[in-house]
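Peer 1: Predicted model and sequence below, questions to follow.
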Amino acid sequence: ERIEDYQVIVLCNVEAVSSQVRQRLHQFVNAGGGLLFFTGNHVHAKRYNTMFYRSDTLLLPVALGQPVQQPEDQPQIITGIDPAHDALRLFASEPGLLERSLFYRYLDLGNLDTVQQAKVLLTLNNGAPLLVEHKVGRGHVMMFTSTADRDWSDLPTRTVYVPLIHGLISYLSNLSAASQRPNAILPRPVALLGQPEDDGASLTIQTADGQKRLLRYVTEGERDNPKVVAHFSAYTVPGIYQVSGPQGKDILTVNATRAESNLTKLDNPALEARLQPLPLLVEEEATFGQANQNAATPSKELASLFLLAVVGLLAIENVYANRL
């Protein structure tokens, strides 16, 4: 693989990498790439410190410590969030969404106070860092001290997991600065900017489902500050729209309304209204699997009937086998 072809590399519980790959990763980050570490049972502190801390491929902000195991009935939760950080801006107004995740195991880190460029972005309620970032050359490295899957926490089962990963990857890939391409959110109109010489010229937009739209640039604004724009609102579906005009080809990213990303938990009446006419049995997470009766799934009755049918089939097969 050509590492240079990517913007972000994610190492999920990787046991070890060769010295050649380490050198390539170090060059990749120094040149502006993003690197995200997730820990796990295969990440051994001594080996990682040798590879990424006490070496010429310094990618870790501090030396790694040993895993910390929490009692099953006393998991850690996230209580410290840096809402001003670009990767976590989505949770600035609703930090409680992250606080519902339970962490049963995490990797201890060394003293971060001595590292000036290291930033703690997420902290567990006992003060242990969960997500740390530091700058290496022109790039950024993040260390998540728990796993990317459900081995050490229930974070991947939560609705915040995808938005969190999206925020981390977007930040590490520097998407906001890497591209100035226009984007739109349904159903708001978007203004496509052109050059002064584009006034009156036409451009073609091919929608994500293959339809074509013809637009024309016009000059707007004040006399001393005119702008050449083409207004577009004839969306069909969310997706990538191909734009062809006087300046060549470009893309317009059309996103669905953010209402579809509402992470607020539905209450029981709202959930019942959404699922009508299906029967609904709501069971809280704390008592999940402990209900005495579940009318919607009569597993015992079905199992008995299935067993009876199998016994009857075997008996019939035995009679016919004896006749033959």
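Peer 2: Ah, there it is.
Peer 1: quick one: low-confidence parts of this protein?
Peer 2: 113-116, 175-181, 258-263, 285-303, 322-324 (pLDDT under 70).
Peer 1: Break it down into its structural domains.
Peer 2: 3-174, 190-254 (the TED database).
Peer 1: May I have the residues that are in contact with residue 58?
Peer 2: Shown in contact with residue 58 (CB atoms under 8 Å, 6 or more residues apart in numbering): 26, 52, 136. In short, each C-beta sits where N, CA and C put it, glycine included.
Peer 1: neighbour-wise, which of those leads?
Peer 2: residue 52 (24 neighbours; other CB atoms under 10 Å).
Peer 1: My guess is that one contacts residue 60. True?
Peer 2: Yes - Residue 52 is within contact range of residue 60, at 4.5 Å (criterion: CB atoms under 8 Å).
Peer 1: gap between residue 38 and residue 168?
Peer 2: 10 Å (CB to CB, to the nearest Å).
Peer 1: right, so of the domains of the chain, which gets closest to residue 316?
Peer 2: Of all these, domain 3-174 sits nearest to residue 316, with 45.5 Å by CB to CB.
Peer 1: now that closest one, how far from the chain's geometric center?
Peer 2: 14 Å (CA atoms, centre = their mean, to the nearest Å).
Peer 1: re earlier: now, of the domains of the chain, which is deepest in the fold?
Peer 2: Counting by mean count of other CB atoms under 10 Å, domain 3-174 has the highest mean neighbour count of these, with a mean of 17.
Peer 1: The stretch 201-324 of the chain: helices as residue ranges?
Peer 2: 268-275, 299-323 (DSSP state H, counting those that start in this stretch).
Peer 1: what would those helices look like in CSV with distance to residue 31?
Peer 2: Output for the helices of the stretch 201-324 of the chain, formatted as CSV (distance: least, CB to CB, whole Å):
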stretch, distance to residue 31
helix 268-275, 48
helix 299-323, 57
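Peer 1: Include mean neighbour count and distance to residue 212 when you put these into a markdown table, please.
Peer 2: Formatted as a markdown table, the helices of the stretch 201-324 of the chain follow (neighbours: other CB atoms under 10 Å; distance: least, CB to CB, whole Å):
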| stretch | mean neighbour count | distance to residue 212 |
| --- | --- | --- |
| helix 268-275 | 11 | 36 |
| helix 299-323 | 9 | 54 |
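Peer 1: Nearest to residue 164 among those helices would be which one?
Peer 2: helix 268-275 (23.9 Å).
Peer 1: From the chain's centroid, how far away is the closest one?
Peer 2: 27 Å.
Peer 1: Tabulate the CA atom coordinates of that helix in PDB.
Peer 2: C-alpha atoms of helix 268-275 as PDB (Å, rounded to 0.1, in the frame of the first residue of the first chain):
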ATOM      1  CA  ASN A 268     -41.900   5.300  24.900                       C
ATOM      2  CA  PRO A 269     -45.000   7.100  23.500                       C
ATOM      3  CA  ALA A 270     -43.000   8.600  20.600                       C
ATOM      4  CA  LEU A 271     -41.400   5.200  19.900                       C
ATOM      5  CA  GLU A 272     -44.800   3.400  19.900                       C
ATOM      6  CA  ALA A 273     -46.200   6.100  17.500                       C
ATOM      7  CA  ARG A 274     -43.200   5.500  15.100                       C
ATOM      8  CA  LEU A 275     -43.600   1.700  15.000                       C
END
